[in-house]
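K.L.:
Based on what follows, work out the 3D shape:
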Amino acid sequence: MCLFYRTMIIALTAVLFSCAGGEVKHEAENGVFNKKIEHVNVDADIEADFTKAVALLNQEQYQQAITVFESVIAREQRLPAPYVNVAMAYSKLGDKEKAEENLISALKLDIGHPVANNELGLLYRKAGKFNAARTAYQNAIKEHSEYLPAKRNLGVLCDLYLHDYKCALEQFQDYLELVPGDKEVAIWVADVERRQSR
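P.N.:
Below is the predicted model of the structure:
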């Protein structure tokens, strides 16, 4: 059975790597998504190094994590998770170019990868590339409509940055269907409805 790590995003990518054969079940906040992925046999030493790198990432030892992830990538290029995780480490160190490069590598392997698209959307939003961010978030939820981080981030992008209140309302309402107890998003819905009615 797969282990769930402290950080939700890191956990999702770790699960995608370590359970690469068969059905994978992920818990994203209060939502769940399942995805069938092609069976990939991964050597035990590579998987052990990946687990070590994830632990380093969780401990905020970003440079050490990058070194181990890059070692994993040098030996195993068939799965997106190492690219996604190394991109997160680069992002934490402020190297947005390397982060983007690795997220794109992950998406070349799986264009619909929800975590890679969500991370790329965050990167683009911070860079002011709002349309590119929107595309990334939409790619994340196209096949994984219940992947909550991308749905929420798309709603925020549409609301605060694109002023597309119809899009924002749709994302927030879909999110609330999956997480009806989220009071913060419920407040956002009321606020968007108020502004849309002006």
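K.L.:
Tell me which residue lies nearest the centroid of this protein.
P.N.:
Of all residues in the chain, the one closest to the mean position by Cα atoms, centre = their mean is Val115, 2.0 Å from it.
K.L.:
Would you mark the buried spots in the helix or strand containing that one?
P.N.:
With elements taken from DSSP states H and E, the one containing Val115 is helix 114-126. For helix 114-126, burial by neighbour count (16 or more other Cβ atoms under 10 Å) applies to Pro114, Val115, Ala116, Asn117, Asn118, Glu119, Leu120, Gly121, Leu122, Leu123, Tyr124, Arg125. In short, each C-beta sits where N, CA and C put it, glycine included.
K.L.:
quick check, nearest of those to Arg194?
P.N.:
For Arg194, the nearest member of the buried residues of helix 114-126 is Arg125. The distance, counting by Cβ to Cβ, is 23.8 Å.
K.L.:
returning to what we had before: got the contact list for the helix or strand just after the helix holding Val115?
P.N.:
Proceeding C-terminally, helix 114-126 gives way to helix 130-143 as the next helix or strand, assigned by DSSP H and E. Contact partners of helix 130-143, identified using Cβ atoms under 8 Å, 6 or more residues apart in numbering, comprise 35, 107, 111-118, 120-125, 147, 150-151, 153-154, 157-158, 161-162.
K.L.:
Could I get the full set of helices for this protein?
P.N.:
Ranges of helices in the chain, per DSSP state H, are 8-18, 44-58, 62-75, 81-92, 96-109, 114-126, 130-143, 148-156, 165-178, 183-196.
K.L.:
With mean pLDDT as new columns, can those be given to me in JSON lines?
P.N.:
Written out in JSON lines, the entries for these read as follows (pLDDT from 0 to 100):
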{"stretch": "helix 8-18", "mean pLDDT": "39"}
{"stretch": "helix 44-58", "mean pLDDT": "96"}
{"stretch": "helix 62-75", "mean pLDDT": "97"}
{"stretch": "helix 81-92", "mean pLDDT": "97"}
{"stretch": "helix 96-109", "mean pLDDT": "97"}
{"stretch": "helix 114-126", "mean pLDDT": "97"}
{"stretch": "helix 130-143", "mean pLDDT": "96"}
{"stretch": "helix 148-156", "mean pLDDT": "97"}
{"stretch": "helix 165-178", "mean pLDDT": "96"}
{"stretch": "helix 183-196", "mean pLDDT": "94"}
